[in-house]
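Peer 1: pasting the sequence and the predicted model now:
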Amino acid sequence: MNFRIVPMTDADADRCAELEQVLFPGDDPWSAKAFRSELARRHNHYFAARDEADVLIGYAGVALLGTSVIPEGEVHTIGVDPKVQRGGVGSALLSELLRVADKWGGPVFLEVRTDNEPAIALYKREGFEIVGTRNRYYQPSGADAFTMRRPPQGKE
C-alpha cells in the first residue's frame, strides 16, 4: 500500500474523530474539537497518513515536554483505519513521532491498553519497555494501561 505521512491540519479533525469512534468506541473517543485543541498547542506535533487518493487513513501525535535541559516526549495517540491495519501505517506514524521526539531529546513515554498486543509488539520493536501499569486508565471501559518508556536516543 502506498501512503505518505504529512503534518495534520485542522481540516483533518473531523476524519480523525470519525476514526476514533471506530477504533475506541468504549474508551471516550476524541472529538474533532479535541483534535483541534491538540493541534493548537505549540508543544504538540500531529501527523496524518494519507493514501494515494489523499484520504486520511491514520493519525498520530506527540507532545514535546520538559525543557531543553530535561526534555521528554509523550505519544498522545496513534490510530489507523481498520481497513489498512497491519500494512505499515502505524509503524510509519510512530517512526515520524520518534524522529520528532529524538530531535527534542529525552525519553519518550506512552500508555497502551494492556490487551492491545499488536501495538505493544510495535512499541517493543521500537525500543519501548513496560515500566508500569495504570489500573482502570481508560474510561468509561475501565481497561488497564501499560506505561511504556523508550530511553533517550540523543538529539540529531
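Peer 2: Arrived safely.
Peer 1: only C-alpha atoms for contact and neighbour calcs from this point on.
Peer 2: Noted.
Peer 1: can you list contacts of the helix or strand hosting Ile120?
Peer 2: For Ile120, the host element (DSSP states H and E) is helix 117-125. The contact list for helix 117-125 (C-alpha atoms under 8 Å, 6 or more residues apart in numbering) reads 91, 112, 114, 129.
Peer 1: the same query, at a cut-off of 10 Å, please.
Peer 2: Residues from elsewhere that reach helix 117-125 (C-alpha atoms under 10 Å, 6 or more residues apart in numbering): 78, 86, 90-91, 94, 110-114, 126, 128-130, 146, 148-150.
Peer 1: what's the answer for stretch 30-45, then?
Peer 2: With contacts defined as C-alpha under 10 Å, 6+ apart, stretch 30-45 is touched by 7-21, 24, 46-47, 60-66, 73-77, 96-97, 100-101.
Peer 1: are any of those buried, and if so which?
Peer 2: The neighbour count (16 or more other C-alpha atoms under 10 Å) marks 8, 12-13, 15-17, 19-20, 46-47, 60-65, 73-76, 96-97, 100-101 as buried among those.
Peer 1: among these, which lie within helices?
Peer 2: 13, 15-17, 19-20, 96-97, 100-101 (DSSP state H).
Peer 1: one step back: sort out for me which of the contacts of helix 117-125 are in strands.
Peer 2: Using DSSP state E, the members of those that fall within strands are 78, 110-113, 129-130, 146, 148-150.
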